[in-house]
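Colleague: Have a look; sequence and predicted model below, questions after that.
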Amino acid sequence: MKKIFQLTLLLIVLSSCTEDVKFNNPAFQGLKDNVFWRATTYKAYANTNGSVTIEGSLGYEKVILRTPSSVEQVYILGLDDNAVASYSNTLPSQVEDYYTGANVGSGQIEITEFNVANQTISGTFKFIAVNEDETNTDKPKVNFKEGVFYKIPIALTSNL
């Protein structure tokens, strides 16, 4: 009886093992105010003026990252309007717009790979963006950290 029980237990253990591996390729994600945030849609543009725009959306929420070029380097945010990041929530009951710009907010966008052959872009980001509505003292800023955009499909031209 003991052997039958052991055999049954062994069969249950072996049959419950599965390989549910889920790859996150491409990806656009980060920690928004220390809560995991992952875009369900994403896209990128290499604009005709040389700048790059990377967008990630999750429902009513959208993050937009812009750099003045596609060169693989670190772009500092909050210094000027060349490299900027923004976050918006368009849910009617929670409309919010946050941005970085000249002497506004802080952070960085790092492009680690601009693959022209595969038409993808990868990198990291982190930023603190200021609420456009200065009267909103409940949520004066939004903080994204540990952000990653990985192999986002890129359109090589855009009218932006």
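Modeller: Ah, there it is.

Colleague: Please count neighbours and contacts with C-alpha atoms only from this point.
Modeller: OK.

Colleague: can I assume S106 is in contact with K141?
Modeller: No. Taking CA atoms under 8 Å as the definition, S106 is not a contact partner of K141, at 10.9 Å.

Colleague: joint contacts of the two?
Modeller: 128-129 (CA atoms under 8 Å, 6 or more residues apart in numbering).

Colleague: how far does stretch 111-129 stretch from start to finish?
Modeller: Start to finish, the residues bounding stretch 111-129 are 19 Å apart (CA to CA, to the nearest Å).

Colleague: pLDDT on the strand ranked longest in the chain, on average?
Modeller: The longest strand of the chain (DSSP state E) is strand 141-155. What strand 141-155 shows for mean pLDDT is 95.

Colleague: what comes up buried for that strand?
Modeller: 141-145, 147-155 (16 or more other CA atoms under 10 Å).

Colleague: and if you look at stretch 32-46?
Modeller: 32, 37-39, 42-46.

Colleague: Nearest residue to N131 in space, please, no chain neighbours.
Modeller: Y98 (4.3 Å; CA to CA, 6 or more residues apart in numbering).

Colleague: Report the secondary structure element holding that neighbour.
Modeller: Following DSSP states H and E, one finds Y98 within strand 96-99.
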